[in-house]
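kindly return the folded structure for what I paste below:
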Amino acid sequence: MAQLITNARVLDLKSGKLLENHSLLIDKGIIQRLIPAPDKPDSFGAELDILDAQNQILMPGLIDAHVHVMAWTADVRQISRTSPFYTAAKAGEILEAMLMRGFTTVRDVGGADYGIARAVDEDALKGPRIVFGGLALSQTGGHGDMRGQGELNPELFESQSIFSRLCDGVAEVQRACRDEIRRGARHIKLMLSGGVASLTDRIDNVQFASDELRAAVEEAENAGLYVVAHSYTAKTVNRAIKAGVRSLEHCNLIDEESIDLLLKHNAFMVPTLVTYEMLATEGVASGLPASVVPKIELVRKDGLKALELAHKAGVNLAYGTDLLGAMHRHQLKEFSIRAQVQDALAILQAATINAADLMNETGESGIIKEGARADLLIVKENPLERIQSLESPESNLKLIMKAGKIYKNSLAA
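Sure thing, here's the model as predicted:
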């Protein structure tokens, strides 16, 4: 049955304007029409399921462009040594909580595969739609190599890992890319610098040789996809952009040249500031190995400065969180962190329109317009006036709709 949402104040995040007294016609999970104040619902000439928005704010569902839905603990090694059935069950809990926060789409950049995405699509699990990349690619000793110094068997690691796979040399990189594409990946993830959670690399490591990097970009482009790069430092970010990488994650330690390259190549930057705040305060309790804690401050202290630099220059910015384990519950705190240097409209665009553009879904998600997916929220407060209101979904979030299906409705009858 077609649906009609009436009496809504529609938040147009392209213009930042509030469209008073509008209705929205939805059929088969797609927005069919956006109509200013129709006289009577029966004027549409079809049987309708009518929902009165009660003059509250109708906005697009949120998109988190950097998640790990399989990460039920910050100890990634423990996940790889645990039953995959347990991990899938825990992922179900993580996904449902994400949806209840208002995220109707997430981009998983390491861990999720076609199986978990299909389970969500079929409603076997409740959660946001998952745009997945499968296993991240790492060189031996890179950010995706979670072996300790005394663990010598890479075959044992690879048979257990659900987040990354090791590949060295152009041929292995090509094979790994092609295999992830075969399994349905929507992007290819590369570990191009050291990271916090990995045991044996430094933050400023440069990972993958130039020919390996170029090979991955070529394979992704041949399949109509793009490369996502874990990269902190200016050196790793800059070489990645020059090689054709589209999506630069974290970017805490970038410089002016990084900004120029992001703009020149129309690339996207996906800061994940909330994860460093939470790792610093809750990381070890959530399973993060204590030995890597000193690395947190190396990236935490400059993250906000990098965001401000990119925002002022007009860089394409998308919303990401990169949280692990119990820290997933802080997914919405990224809004208030970014609000220290960005206006509310820019932050909301990062979590809707820009994220959709990044995933090559322009006009399909993250927006309220004809032909777009009916991923919608109804909220009490206008987030353009107080972005922090989104951080209280229990009281502020009145309706959650994904592809035309309602998952929460607390509008007064």
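
quick one, helices of the stretch 251-400 of the chain?
Ranges of helices in the stretch 251-400 of the chain, per DSSP state H, counting those that start in this stretch, are 256-264, 273-282, 294-300, 303-313, 334-338, 344-350, 353-358, 393-396.

over to the stretch 51-200 of the chain?
Going by DSSP H, counting those that start in this stretch, the stretch 51-200 of the chain shows helices at 76-80, 84-100, 114-121, 154-160, 170-182.

looking at these, which is buried most?
helix 76-80 (a mean of 20; mean count of other CB atoms under 10 Å). Placement of C-beta: from N, CA and C, glycine included.

distance between it and the chain's centre?
The chain centroid and the centroid of helix 76-80 are separated by 21 Å, computed with CA atoms, centre = their mean, to the nearest Å.

just to revisit the earlier point, would you mind giving the helices of the stretch 51-200 of the chain as TSV with distance to residue 231 and mean pLDDT added?
Putting these into TSV (distance: least, CB to CB, whole Å; pLDDT from 0 to 100) gives the following:
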stretch	distance to residue 231	mean pLDDT
helix 76-80	19	86
helix 84-100	25	97
helix 114-121	25	97
helix 154-160	23	56
helix 170-182	16	98
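
the ones you listed: which one's closest to residue 58?
helix 84-100 (17.5 Å; CB to CB).

what's in contact with the closest one?
64, 67, 69-72, 79, 106, 112, 116, 119-120, 125-128, 130, 162, 328-329, 331, 393, 397, 400, 402, 407-408 (CB atoms under 8 Å, 6 or more residues apart in numbering).

re earlier: residue 335: which of the helices of the stretch 51-200 of the chain is closest?
Using CB to CB, those put helix 84-100 closest to residue 335, at 14.5 Å.

now do that closest one against helix 114-121, angle only.
Taking axes from the mean of the first three to the mean of the last three CA atoms, to 10 degrees, one finds that helix 84-100 is oriented at 40 degrees with respect to helix 114-121.

got the buried residues for stretch 248-268?
Buried residues in stretch 248-268, counted by 16 or more other CB atoms under 10 Å: 248-254, 258-259, 261-262, 267-268.

can you lay out the helices of the stretch 251-400 of the chain as TSV showing distance to residue 371 and mean pLDDT?
Converted to TSV, those look like this (distance: least, CB to CB, whole Å; pLDDT from 0 to 100):
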stretch	distance to residue 371	mean pLDDT
helix 256-264	29	98
helix 273-282	32	92
helix 294-300	40	85
helix 303-313	30	97
helix 334-338	28	97
helix 344-350	19	98
helix 353-358	13	98
helix 393-396	27	96
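
and of the ones you listed, who's closest to residue 367?
Among those, helix 353-358 sits nearest to residue 367 (CB to CB), with 5.7 Å.

could you pull out the strands for the stretch 1-150 of the chain?
2-12, 17-27, 30-36, 48-52, 57-60, 62-67, 103-108, 129-132, 136-138 (DSSP state E, counting those that start in this stretch).

which strands and helices lie in contact with the fifth one?
It refers to strand 57-60. Counting by 3 or more CB pairs under 8 Å, 6 or more residues apart in numbering; DSSP states H and E, the packing neighbours recorded for strand 57-60 are strand 2-12, strand 17-27, strand 376-379.

most tightly packed of the ones you listed?
Of all these, strand 376-379 has the most neighbours on average by mean count of other CB under 10 Å, namely a mean of 24.

list the neighbouring strands of that strand plus their orientation.
Using DSSP bridges, strand 376-379 pairs in its sheet with strand 57-60 (antiparallel), strand 397-402 (antiparallel).

sorry, back to before: will you turn the helices and strands packed on strand 57-60 into JSON lines that also has distance to residue 353 and mean pLDDT?
Formatted as JSON lines, the helices and strands packed on strand 57-60 follow (distance: least, CB to CB, whole Å; pLDDT from 0 to 100):
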{"stretch": "strand 2-12", "distance to residue 353": "10", "mean pLDDT": "95"}
{"stretch": "strand 17-27", "distance to residue 353": "14", "mean pLDDT": "95"}
{"stretch": "strand 376-379", "distance to residue 353": "14", "mean pLDDT": "98"}
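
who wins for proximity to residue 191 among those strands?
Nearest of the helices and strands packed on strand 57-60 (CB to CB): strand 376-379, 33.7 Å.

residues contacting the closest residue to residue 398 other than its chain neighbours?
Distance criterion CB to CB, 6 or more residues apart in numbering; nearest residue to residue 398, sequence neighbours excluded, is residue 378 at 4.6 Å. Residues in contact with residue 378, defined by CB under 8 Å, 6+ apart, are 8, 53, 56, 57, 58, 59, 397, 398, 399, 411.
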